[in-house]
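Participant: everything below, folded, please.
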Amino acid sequence: MLHRLLPPGNRAPVRTIAALDALDPIGKTLGKLARDRVALDPPAAAQNNSHRLMQRELVRVSIHRSEPTAGDSPGVMSDAMSSAPYWAANPTCRACGRQSVAGSYLCVHCRPVMARVEIRKNADGSGRSVDKQARLRAMQRQFDPRIDSYRCYFTGVPLELAAGRRRSAEWTHLTAGDESSVVLACKLVNRMQTDLTEGEFEVLVKALARRFDGEPFDEAAFPPEPE
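Facilitator: The predicted model follows:
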């Protein structure tokens with residue numbers, strides 16, 4: 001019955017608002033904001049600006065929940081989006097909510113991030129396959145709409161999409177060799193982590209910090225050789 005809340009001539013976004021209300025408390029809040037925007041916009045502009053804005057908010061809230069609820073895996077998408085294969089073409093980018101490239105599920109900014117080449121090898125020397133669905137989940141979790149960019153998993157600093165810089169976005173693994181554990185990190189920290197697990201890296205960095213403060217280095221923090 002949401003259409004009764006909208007003034008005449010402003011009813012194009014009704015399905016979008018209903019979808020926002022159906023998501024979760026965050027979605028309900030955005031639904032209310034969307035209704036307020038529609039009520040304030042002039043009728044002639046409501047079907048264009050407000051509808052486009054609400055569509056983008058719908059995509060973002062469905063893929064950028066601030067905290068996953070019990071039973072949810074990180075980066076859970078709405079039922080409408082998860083019913084289709086992750087790679088199915090979508091008008092809005094499944095990672096950030098911008099307009100997708102025609103025939104793609106990602107926008108012009110996110111496609112190069114997804115396509116970053118994995119140069120590390122398996123233990124037998126063979127090339128390592130890429131789990132693009134795991135990459136998409138990481139992108140959904142790490143995209144920050146407040147800065148319209150991704151943040152480094154380890155430091156939280158905004159990442160640069162251009163390659164070759166210290167803040168450039170690179171793929172790394174929380175568990176070496178496990179493609180399902182990929183996250184985006186800045187180039188500088190990624191090179192520091194090398195093949196360490198997240199836990200090994202944390203212990204080593206903390207030991208180094210204490211060493212820089214004048215304490216003896218704890219050799220137990222030095223990671224063993226990988227098996």
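Participant: please make it C-alpha for all contacts and neighbour counts, starting now.
Facilitator: Noted.
Participant: residue 187 and residue 199, how far apart?
Facilitator: 19 Å (Cα to Cα, to the nearest Å).
Participant: looking at the two, which is more packed in?
Facilitator: Each of residue 187 and residue 199 has its neighbours counted (other Cα atoms under 10 Å); residue 187 has more, 22 against 11.
Participant: unless I'm mixing things up, that one is touching residue 166, no?
Facilitator: Yes: counting by Cα atoms under 8 Å, residue 187 touches residue 166, with 5.2 Å between them.
Participant: and the strands in this structure, which stretches?
Facilitator: Counting by DSSP state E, the chain has strands at residues 143-144, 149-150, 169-173, 182-186.
Participant: do a quick rundown of the helices in this structure.
Facilitator: Applying DSSP state H to the chain gives helices spanning 14-23, 25-40, 43-45, 51-63, 79-82, 110-114, 132-142, 187-193, 198-212.
Participant: pLDDT score assigned to residue 58?
Facilitator: As predicted, residue 58 sits at a pLDDT of 45.
Participant: per-domain residue ranges of this protein.
Facilitator: Per automatic domain parsing, the domain ranges recorded for the chain read 2-63, 84-195, 203-227.
Participant: tell me which residues in the shortest one are buried?
Facilitator: By neighbour count on 16 or more other Cα atoms under 10 Å, the buried set for domain 203-227 is 203, 204, 207, 208, 217, 221.
Participant: grab the nearest non-local neighbour of residue 164.
Facilitator: residue 187 (7.9 Å; Cα to Cα, 6 or more residues apart in numbering).
Participant: for that neighbour, give its distance to residue 179.
Facilitator: In terms of Cα to Cα, residue 187 sits 18 Å off from residue 179.
Participant: next: residue 153.
Facilitator: On the measure of Cα to Cα, residue 153 and residue 179 end up 16 Å apart.
Participant: now do the contacts for the closest residue to residue 175 other than its chain neighbours.
Facilitator: Distances taken as Cα to Cα, 6+ apart put residue 197 closest to residue 175, at 4.7 Å, once the chain neighbours are dropped. By Cα atoms under 8 Å, 6 or more residues apart in numbering, residue 197 lies in contact with 173, 174, 175, 176.
Participant: was I right to think the second one contacts residue 184?
Facilitator: No: checked against Cα under 8 Å, the pair residue 174 and residue 184 is beyond contact range at 10.2 Å.
Participant: look at those two and report which has more neighbours.
Facilitator: residue 184 (25 against 20).
Participant: residues in contact with the nearest residue in space to the more buried one that is not next to it in sequence?
Facilitator: Using Cα to Cα, 6+ apart and skipping residues adjacent in sequence, the residue nearest residue 184 is residue 171, 4.9 Å away. If you count contacts by Cα under 8 Å, 6+ apart, residue 171 has them with 116, 118, 182, 183, 184, 185, 190.
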